[in-house]
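J.: mind folding the following:
(one chain, ligands or ions: 1)
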Amino acid sequence: MGRKKKCKYCRKLFTPDRRVWNRQTTCCSAACQRQRKKSSNQAFKEKNPDYWKGRYSDTKKWREENPDYQRKWRLEKKEEEKKKSLSEIQAEKARYYIDSIEEKVKALREIQAELFSQSFDIKRPKALLSSQSP
Ligand SMILES: [Zn+2]
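T.: Just a heads-up that it's a prediction; the model follows:
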C-alpha cells in the first residue's frame, strides 16, 4: 500500500493522519505518544536552556513577600463554594460532563474519519472492477 509508516519508537507500521502526513513519525499508542512528548520537551529544553530560568525565582520571591496569599486565596475559594446555590453547582457539573463528552465525541469522530478513509481506499478498486464487468 505504501500509505503506512514505521513508528519511530515501537517500529510498528501505522497509518498517519492525512492532515499531518509528512510530519507524523509516531503511532498513536499512549506509550509512544508519551515518549514523543518527552523527547520533544527535552529537545525544547536543549534548544532554549534559559527558558525556565528566572521564572520560578521571581515567583518564589513574590511568594516570600506575600506569604499569606495562597492561604487567603484558598479560604476565599472555599467561601465562594459555600455560597453557591444548588442550581449553580448542578450547572457547573453539567458543564463539566458536557465538556468531557464533547472531547470524547471529537476523538470518536477522528477515529471514524480515519476508518472511513481506510475503507474508502480498500473499496474503491472493487467498485471500479464491478462497474467494468457486465
Ligand atoms: Zn509506536
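J.: measure S57 to Y69 for me?
T.: Taking C-beta to C-beta, to the nearest Å as the measure, S57 falls 17 Å from Y69. Placement of C-beta: from N, CA and C, glycine included.
J.: and for K93?
T.: When K93 is compared with Y69 (using C-beta to C-beta), they lie 29 Å apart.
J.: so Q70 sits against R63, correct?
T.: Yes: because the distance of 7.5 Å satisfies C-beta atoms under 8 Å, Q70 is recorded as touching R63.
J.: how about the strands in the protein?
T.: With DSSP state E applied, the chain shows strands at 5-6, 13-14, listed in chain order.
J.: ok, the last one near the ion or not?
T.: No: judged by C-beta under 5 Å from the ion, strand 13-14 and the ion are separated, with a smallest distance of 6.6 Å.
J.: can you name every helix or strand that that strand contacts?
T.: strand 5-6 (3 or more C-beta pairs under 8 Å, 6 or more residues apart in numbering; DSSP states H and E).
J.: so what strands line up beside the strand it packs on?
T.: Strand 5-6 has the following strand partners under DSSP bridges: strand 13-14 (antiparallel).
J.: from the chain's centre, how far out does the partner strand sit?
T.: A distance of 20 Å separates the centroid of the chain from that of strand 13-14, by C-alpha atoms, centre = their mean, to the nearest Å.
J.: what lies in contact with that strand?
T.: Contacts of strand 13-14 with the rest of the structure, by C-beta atoms under 8 Å, 6 or more residues apart in numbering, involve K4, K5, K6, C7, C27, C28.
J.: next one: stretch 31-49
T.: C7, K8, Y9, C10, T25, T26, Y51, W52.
J.: now do it: distance to the chain's middle.
T.: Here the centre of mass of C-alpha atoms in stretch 31-49, compared against the chain's by C-alpha atoms, centre = their mean, lies 15 Å away.
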